[in-house]
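Chemist: Just a sequence and a predicted model for now, questions to come.
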Amino acid sequence: MATVQLSEAEKVYVLHGIRDDLRVDGRSCEDYRHMEIETDVVSNTDGSAKVTLGHTAVLVGVKAELGKPRPAAPEEGYLEFFVDCSANATPEFEGRGGEELGMELTNTLYRVFNNKRSVDLGSLCISPGEHCWLLYVDVLLLQCDGNLYDAISIAIKAALFNTKIPKVLISEGEEGGTEIELSDDPYDCVRLSVDNVPCIVTLCKVGHRHVVDATLQEKACTVASLIMAVTPAGTCTCTRKVGRGSLDPESIFEMTEAGKRVGKALHGPLMSLLLQEETLGKKRQKVGFLG
Amino acid sequence: MAVDMRLPTFRSDSRSNSLFDRKVNKDLVVPGDVITTDTGFMRGHGTYLDDDKLTASVAGEVERVDKLICVKPLKTRFNGEVGDVIVGRITEVQQKRWKVETNSRLDSVLLLSSVNLPGGELRRRSAEDELTMREYLQEGDLISAEVQSVYADGALLLHTRSLKYGKLGQGVLVQISPSLIKRQKTHFHNLPCGASIILGNNGFVWLYPTPGQQDEEAGGFYTSLEPVSLSDREVISRLRNCLLALSAHKVLLYDTSVLYCYEVSLSQQVKDILKPEVMEEIVMMTQQKLIEHEG
């Protein structure tokens, strides 16, 4: 993980700042940094989104492919995740340096998103037990400045919202089996419902308080943090504790309450932004990576 | 709880057609730009010869000394010179020396013999001092220092043989491009807004609460861990965001520009300064103020 070194005195300064609810960049404990979201940035995917949060930048691409449903869930499609830690983000990721972090992120993403309560997996099924859509969700870290989980989850939600899956026609084949025919019209497609897709909120325990959207400097001062996936309804679907330190049950309760509140409030602006972007349609000038 | 989400916008190039730029007629080049076709010039740093045409290999400003043409890059690592004030972070404790990260190409060196140890200038450095080096400065600590000399390979030798240099206590480090720091007589400023600033030539800027009367006995190795007052914190956070705003818009940093930016930003909340449109507005007003006051 990209880390920074801080001196004792700097840590004390950050710690006292959080105690007084005034962080180094002027935010209070539950504020997010400025966030920019753009969808449909990669043309050869079915859905993509780029999110920048402070100096953290994440690109997510979703590619739909035909596959066979898993035997355990014959009436559902499924998602495959891959997180690529580009050495552009930090030189530490060079070679195999980013693999460990990538695996950790991937495993969390599976737990958070790959179930039918988060993503409408039933709509990905074409014919039960035989054909389904499987979505490859590829995450690319372009810059690391703390709070990767939150940025990735928001980017995934935006990319899933943007995903357009071609319509298919199922017909009886000559030898009794089913045949699948893809629609030729590129605009003839179905959208995935993202009503229940959760966003991840990372709460870092610093001193006696907790902060959301920690920068790298703040992360260097935390002993443990709690990762929570929260749906728009405010339901917490997954929690994980990361970091070496331990958390008091009482503070875990406080943090989950704060996490639910923050997570719930995250969805509103995100959805309105995505809808706003969509209404602009083709008129919107794409910024992409050079803007 | 506040979330600010938006669509990205193109960086506006309002600066290029504003009145500010017309005053500046410096030779700015990008890689591949032909500087001159005259063969009478000598090829300096940042240039190469392409079919007898002197061409820029980096983006920056053309500098001419007699027959020598160089291009001074805009984005670069720190190239130290003797006498530069730097802020750096200790990365390694070795025998008789510390290694210091100073944003230059190689780690800088701070020798045990070129620091002021507690107990006066004329103290001899004994073997015990070598063993307790980590008690003075350990990995991660920040120091302010001066460049004593430059080795042949470009590595810097630092010294802290003055009471104004030494270990840094509580405060905030801001890292910006070294080309944005204006060279001045002094890089230590007690700003009237209630905080102090060290503008390191290497692009590391240290913001800290203005210290009271200091204990000279400790030789600069004592750091107070007393909580900083909320008002001081607010000033420091505001200055930090102002520095980032100025550097994002490539404004030269020195005490006046930082102070003007601070004054202009007072109408905004500290956390709002980093929003793109607010940032642009503040920087524009700062530039206007600078032009007005410098005539």
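Modeler: Now that the structure is in, tell me what you want to look at.
Chemist: Tell me which residue is most central in the chain.
Modeler: Using chain A. What sits nearest the mean C-alpha location of chain A, by CA atoms, centre = their mean, is A:Ser153, with 1.4 Å.
Chemist: wrong one, chain B
Modeler: B:Gly203 (2.3 Å).
Chemist: if I read this right, that one contacts B:Leu180, doesn't it?
Modeler: Yes. At 7.1 Å, B:Gly203 counts as touching B:Leu180 under the criterion of CB atoms under 8 Å. Any C-beta I mention is one placed from the backbone N, CA and C, and that applies to glycine too.
Chemist: quick one: which helix or strand includes the residue in the stretch 51-200 of chain A positioned nearest to chain B?
Modeler: Nearest residue of the stretch 51-200 of chain A to chain B: A:Thr52, at 7.4 Å (CB to the nearest CB). Using DSSP states H and E, A:Thr52 falls within strand A:47-53.
Chemist: What's the first helix or strand after that strand?
Modeler: strand A:56-67.
Chemist: Just the C-alphas of the next helix or strand after that next one, formatted as CSV.
Modeler: Next in sequence after strand A:56-67, counting helices and strands by DSSP H and E, comes strand A:78-85. Extracted as CSV, the C-alpha positions of strand A:78-85 are listed here (Å, rounded to 0.1, in the frame of the first residue of the first chain):
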residue,chain,number,x,y,z
TYR,A,78,-22.3,-13.2,-12.0
LEU,A,79,-19.5,-10.6,-11.7
GLU,A,80,-15.8,-11.1,-12.0
PHE,A,81,-13.5,-8.5,-10.4
PHE,A,82,-9.9,-7.6,-11.2
VAL,A,83,-7.9,-4.8,-9.6
ASP,A,84,-4.8,-3.6,-11.4
CYS,A,85,-2.5,-1.5,-9.3
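Chemist: okay, the angle between strand A:78-85 and strand A:56-67?
Modeler: 150 degrees (axes from the mean of the first three to the mean of the last three CA atoms, to 10 degrees).
Chemist: ok, now which ones touch the residue nearest to the centre of chain B?
Modeler: Contacts for B:Gly203 (CB atoms under 8 Å, 6 or more residues apart in numbering or on different chains) come out as B:78, B:103, B:175-181.
Chemist: got those as TSV, with distance to B:Val109 and secondary structure columns?
Modeler: Output for those, formatted as TSV (distance: CB to CB, whole Å; DSSP: H, G, I helix; E, B strand; the rest coil):
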residue	distance to B:Val109	secondary structure
B:Phe78	15	coil
B:Asn103	15	coil
B:Gln175	21	strand
B:Ile176	24	coil
B:Ser177	24	coil
B:Pro178	19	helix
B:Ser179	24	helix
B:Leu180	26	helix
B:Ile181	22	strand
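Chemist: farthest-separated two in those?
Modeler: Distances among the contacts of B:Gly203 were taken as CB to CB; the most separated pair is B:Gln175 and B:Ser179, at 13.1 Å.
Chemist: and those two? which has more neighbours close in?
Modeler: Taking other CB atoms under 10 Å in any protein chain shown, B:Gln175 and B:Ser179 do not tie; B:Ser179 has more neighbours (18 against 15).
Chemist: is it true that the more buried one touches B:Phe78?
Modeler: No. Taking contacts as CB under 8 Å, B:Ser179 lies outside contact range of B:Phe78: 9.2 Å.
Chemist: those helices in the chain, which residues are they?
Modeler: Picked chain A for this. In chain A, the helices defined using DSSP state H lie at A:8-19, A:99-113, A:148-162, A:216-219, A:249-280.
Chemist: Let me rephrase: I mean chain B.
Modeler: Under DSSP H, chain B gives helices at B:19-23, B:127-131, B:133-136, B:230-248, B:255-265, B:276-294.
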